[in-house]
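1. A predicted structure for the sequence below; I have some questions about it.
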Amino acid sequence: MFDDFPVASGLLIASSISTVVIGLMLFMSLRLYAGNRRRAYRNLLVSIACIFIYHAIRLAWLVDDSVETAALVYIGKLLHVFSMILLHFAIFELYYKRRKRTRNWFYGLLTVGSLLAVSEWLPELTGTDGRQTVSAAAAPLLDGYLLLLFPLFALMFGPHIGQPRKYGAGLAAAFAAQVCLVANLYIVSKNDMLFLAAELLDAVFYILLFMLLFERVVELLLSAYRSSITDGLTNLYNRRYFLGQLERALRSGNQVTAIFCDIDNFKRLNDTQGHHKADEVLKFVASLMIEETQGIGLAGRYGGEELVAFVIGPVGTAMQAAEAIRSRTEKESLVTLSIGISTARPDSRIAAADLLKQADKAMYHSKTTGKNRISDYARLPDAVLSVEPNMEPKKSPFPTSM
């Protein structure tokens, strides 16, 4: 097929790289679709499967040029056009849901590609001698159409993809590869170096595409994990995860202080100003807790308007954090907080749930002795210590994702 052995070797290596990278993307998309049957994953799987078939055929041509028939070349071109359309729309759907306008563009581009294919293929089938005579250079409409698709994708999807530079670089490589191919077919007759350049640029495109998809999949997995351990409304860690982290902190050999907060008069706020305002207040207090415990502990949502945290270190550090949360809430919001704290010594074998019970009892003491204050479990009167706190989370006046 190619007289120059180094060029032939370079083509084979570049095509092999593309096929291997596409195979990895195919495996990744298959696992994604098997784990979550989203339409975006299905479209990604179908598009990469089509591209894999196309490049497997190209690799077969390079190994044995006797399999390169005119009909197979034409089918390969058509498969390449359709797979590129499917692929770039699938990438877009990894970031956004497909809207009606996007769906119209998708089917419109597929229709245009089909019409161009028919317009080029039909005359060959209805020739006077009745034989098909399609050659690789007899599909200028499909080749030109594919050349126009890459700038179109850059305009349509470039600003919306989360990794615009990588996506743009990949499109530039794919466009340059198609330019080399078109130039070799229609301008310069059989220039082996242009074929090699096109194959190498294709490999660059698929490597960049693989990097983009890999990073996006990692983002999606991290997002799914994050949503499984956090409360959707407040962005605080949910009760189960918080208790697990508190248990780990208690077993680390450090002094740990649990902080239990309850928003004062929250039901009244919810009844008088509505769920929306109550949600805003809850999210604001949660953000304060995240800020004041950052680097020294962890904050979570226990249930309803009950928010919890723990601080690793001296009890004085925990008291400062609790006071900062209380005072800032009073000054910067419509509500106040009743707070209780309880400290576990480094040699203590207390369980996380029991430490929170103690902090809850201290919070209840704050609630019943005037609100908007902090109580330390270690300084509570004996009469208060003998009362069992109710550790069931209060019913939230609004829907919660916990």
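-> Received, thanks.

2. any idea how far residue 98 is from the residue positioned nearest the centre of the chain?
-> Centrality entry for the chain: nearest residue to the mean C-alpha point is residue 220, 2.5 Å, by Cα atoms, centre = their mean. Using Cβ to Cβ, to the nearest Å, residue 220 is found at 16 Å from residue 98. Yep, even glycine has a C-beta here, placed from its N, CA and C like the rest.

3. next one: residue 354
-> Counting by Cβ to Cβ, the gap from residue 354 to residue 98 is 51 Å.

4. what's the first helix or strand after the top helix by length along the chain?
-> As assigned by DSSP state H, the longest helix anywhere in the chain is helix 192-229. Once helix 192-229 ends, the next helix or strand along the chain (criterion: DSSP states H and E) is helix 239-250.

5. run the angle between that next one and helix 192-229 for me.
-> 90 degrees (axes from the mean of the first three to the mean of the last three Cα atoms, to 10 degrees).

6. ok, and what's touching helix 239-250?
-> 229-230, 236-237, 256, 258, 297-303, 308, 310, 312, 344, 348, 350-353, 355-356, 393, 402 (Cβ atoms under 8 Å, 6 or more residues apart in numbering).

7. domains in the protein, by residue range?
-> Domain ranges of the chain: 5-229, 239-385, per automatic domain parsing.

8. in JSON lines, list these along with mean pLDDT.
-> Below are the domains of the chain laid out as JSON lines (pLDDT from 0 to 100):
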{"stretch": "domain 5-229", "mean pLDDT": "82"}
{"stretch": "domain 239-385", "mean pLDDT": "92"}
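
9. ok, residue 154 - contacts?
-> Residue 154 is in contact with 168, 171, counting by Cβ under 8 Å, 6+ apart.

10. quick one, strands of the stretch 251-400 of the chain?
-> All strands of the stretch 251-400 of the chain, identified by DSSP state E, counting those that start in this stretch, fall at 256-263, 297-303, 306-312, 337-344, 374-376.

11. need the winner for burial among those strands.
-> strand 256-263 (a mean of 28; mean count of other Cβ atoms under 10 Å).

12. which secondary structure elements does it contact?
-> When contacts are defined as 3 or more Cβ pairs under 8 Å, 6 or more residues apart in numbering; DSSP states H and E, strand 256-263 packs onto helix 239-250, helix 266-293, strand 306-312, helix 315-332, strand 337-344, helix 352-368.

13. same thing but 6 Å
-> Using 3 or more Cβ pairs under 6 Å, 6 or more residues apart in numbering; DSSP states H and E as the contact test, the elements touching strand 256-263 are strand 306-312, helix 315-332, strand 337-344, helix 352-368.

14. between the longest helix of the chain and strand 297-303, how many degrees?
-> 60 degrees.

15. export the helices and strands packed on strand 256-263 as CSV, with columns for distance to residue 279.
-> Below are these laid out as CSV (distance: least, Cβ to Cβ, whole Å):
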stretch, distance to residue 279
strand 306-312, 14
helix 315-332, 16
strand 337-344, 17
helix 352-368, 22
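
16. picking up where we left off before, most tightly packed of the domains of the chain?
-> When these are compared using mean count of other Cβ under 10 Å, domain 239-385 is most buried, at a mean of 19.

17. state the distance from residue 265 to residue 371.
-> As for residue 265, its distance to residue 371 is 8 Å (criterion: Cβ to Cβ).

18. again with residue 251
-> From residue 251 to residue 371 the distance is 34 Å (Cβ to Cβ).

19. go on, residue 19?
-> Taking Cβ to Cβ, one finds residue 19 at 69 Å from residue 371.

20. kindly report the same for residue 320.
-> Counting by Cβ to Cβ, the separation of residue 320 from residue 371 is 21 Å.

21. and if you look at residue 274?
-> Residue 274 sits 22 Å away from residue 371, going by Cβ to Cβ.

22. with residue 246 instead?
-> 25 Å.

23. repeat that for residue 46.
-> Per Cβ to Cβ, residue 46 is found 60 Å from residue 371.

24. same thing with residue 157?
-> 54 Å.

25. ok, residue 175 next?
-> When residue 175 is compared with residue 371 (using Cβ to Cβ), they lie 66 Å apart.

26. likewise for residue 347?
-> 34 Å.

27. now residue 40
-> Taking Cβ to Cβ, one finds residue 40 at 50 Å from residue 371.

28. same deal with residue 275?
-> Distance from residue 275 to residue 371, by Cβ to Cβ: 22 Å.
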